[in-house]
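Engineer: Got a sequence here, can you build the structure:
(one chain, ligands or ions: 2)
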Amino acid sequence: MTEFNAQAPLNRILLTGAAGGLGKVLRESLRPFAKILRLSDIADMAPAAGPREEIQICDLADKNAVHQLVEGVDAIVHFGGVSVERPFEEILGPNICGIFHIYEAARRHGVKRVIFASSNHVIGFYRQDEVIDASAMRRPDSYYGLSKSYGEDMASFYFDRYGIETVSIRIGSSFPEAQNRRMLASWLSYGDLTQLIERGLFTPNVGHTIVYGASDNSTVWWDNRLANHLGYQPKDSSEQFRAKVEAQPMPASDDPAMVYQGGAFVASGPFGDE
Ligand code: NAI
Ligand code: 15L
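Structural biologist: Ligands and ions are numbered 1, 2, ... in the order given. Just a heads-up that it's a prediction; the model follows:
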């Protein structure tokens, strides 16, 4: 069994969602953590596999394909799936069946560590004047947020039942810049995201740990004391974007983007009434 108590590179890490916005970044930044990175997505992952890379197209909704994908890996960094609000039927296969397929394949292949890209939309209905920690009752703001909430429950179950450890990162907004007022609180730099994944991969005895993925921003909604054992120390701050963001027109005070931690997601849908 792989021991997660040293910073020595793992043999092989699987990264799902490798064609996505974060996947392209992680394709570079996860390199030091494994001898081989296996990159997977349903979409094309140009450029072709480089040294110490493997590329495998896979639909997360396909159980057999995911089973093959996971064979021979030591850890899974699971970033694939639908990443915004969509009708439930579009979320079901990639996110809900997908997370089940990932954990079942992990169990069958003896993989003992997963890093799960969860989301702030698991708690999106908290207001922006509240500060919550990982023990706060979940308040999903969308079918998408519900799928991430289910993913966290799946992680908890597979630890309790099978000892597969997971760090669920409730990512705030991980983009090159904080783009609006809400992101002054929710922004997570790519460097800090990479540090969170590193801590998630190499910290021993994480069980199922939930950590909020935010940088060292001045505006704070999330208290990470229940994940102190990860030793996450964010290095970046959204303050560098404040002047640019505050030059934007002020939204109405009842605009969901100004009221709720999940922003506009709380007002998406309903679908299928047309
Ligand atoms: P993205 O949408 O750019 O990337 C997601 C990738 O998953 C895409 O390349 C897509 O082709 C792939 N995918 C979709 N359906 C699939 C399927 N059935 N099988 C295999 N692959 C499939 O999203 P982004 O921003 O890179 O996010 C990556 C992960 O992080 C997602 O799980 C997202 O929910 C999560 N996240 C991202 C945040 C952010 O600020 N970027 C915030 C919170 C969570
Ligand atoms: C997410 O979960 C999404 O994947 C991302 O596209 C952003 O919308 C982010 O949350 C956010 O809340 O800013």
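
Engineer: Can you mark which positions in the host helix or strand of Leu201 are buried?
Structural biologist: Secondary structure from DSSP states H and E places Leu201 in helix 190-202. Residues Tyr190, Asp192, Leu193, Thr194, Gln195, Leu196, Ile197, Glu198, Arg199, Gly200, Leu201, Phe202 are the ones in helix 190-202 that count as buried (16 or more other CB atoms under 10 Å). Just so you know, the C-beta spots here come from the backbone N, C-alpha and C atoms, and that holds for glycine as well.

Engineer: Please name the residues that touch the residue of the stretch 151-274 of the chain found nearest ligand 1.
Structural biologist: Nearest residue of the stretch 151-274 of the chain to ligand 1, counting by CB to the nearest ligand atom: Ile171, 3.4 Å away. Residues near Ile171 by CB atoms under 8 Å, 6 or more residues apart in numbering: Ala117, Ser118, Ser119, Asn120, Leu188, Leu193, Gly213.

Engineer: For those, could you give me JSON lines that also reports distance to ligand 2 and pLDDT?
Structural biologist: Putting the contacts of Ile171 into JSON lines (distance: CB to the nearest ligand atom, whole Å; pLDDT from 0 to 100) gives the following:
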{"residue": "Ala117", "distance to ligand 2": "8", "pLDDT": "99"}
{"residue": "Ser118", "distance to ligand 2": "9", "pLDDT": "99"}
{"residue": "Ser119", "distance to ligand 2": "4", "pLDDT": "99"}
{"residue": "Asn120", "distance to ligand 2": "5", "pLDDT": "99"}
{"residue": "Leu188", "distance to ligand 2": "9", "pLDDT": "99"}
{"residue": "Leu193", "distance to ligand 2": "12", "pLDDT": "99"}
{"residue": "Gly213", "distance to ligand 2": "10", "pLDDT": "99"}
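
Engineer: before we move on, back to that, export the helix or strand following the helix holding Leu201 to CSV, keeping only CA atoms.
Structural biologist: Using DSSP H and E, the next helix or strand after helix 190-202 towards the C-terminus is strand 208-213. Below are the C-alpha coordinates for strand 208-213, written out as CSV (Å, rounded to 0.1, in the frame of the first residue of the first chain):
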residue,chain,number,x,y,z
HIS,A,208,-12.0,12.7,5.0
THR,A,209,-10.9,16.3,5.4
ILE,A,210,-12.9,19.3,4.0
VAL,A,211,-10.9,22.4,3.3
TYR,A,212,-12.0,25.7,1.9
GLY,A,213,-10.0,26.7,-1.2
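
Engineer: Packing partners of strand 208-213?
Structural biologist: helix 143-162, strand 165-171, helix 190-202 (3 or more CB pairs under 8 Å, 6 or more residues apart in numbering; DSSP states H and E).

Engineer: State the helix or strand in which the closest residue to Cys97 other than its chain neighbours lies.
Structural biologist: The shortest distance from Cys97 to any non-neighbouring residue, by CB to CB, 6 or more residues apart in numbering, is to Ala61 (5.2 Å). Using DSSP H and E, Ala61 falls within no helix or strand.

Engineer: mind listing what Ala61 touches?
Structural biologist: Ala61 neighbours (CB under 8 Å, 6+ apart): Gly93, Pro94, Cys97, Gly98, His101.

Engineer: And it, how far from Asn205?
Structural biologist: Distance, Ala61 to Asn205, by CB to CB, to the nearest Å: 32 Å.

Engineer: hang on, Lys112 packs against Gly163?
Structural biologist: Yes. The pair Lys112 and Gly163 passes the contact test of CB atoms under 8 Å, sitting 7.1 Å apart.
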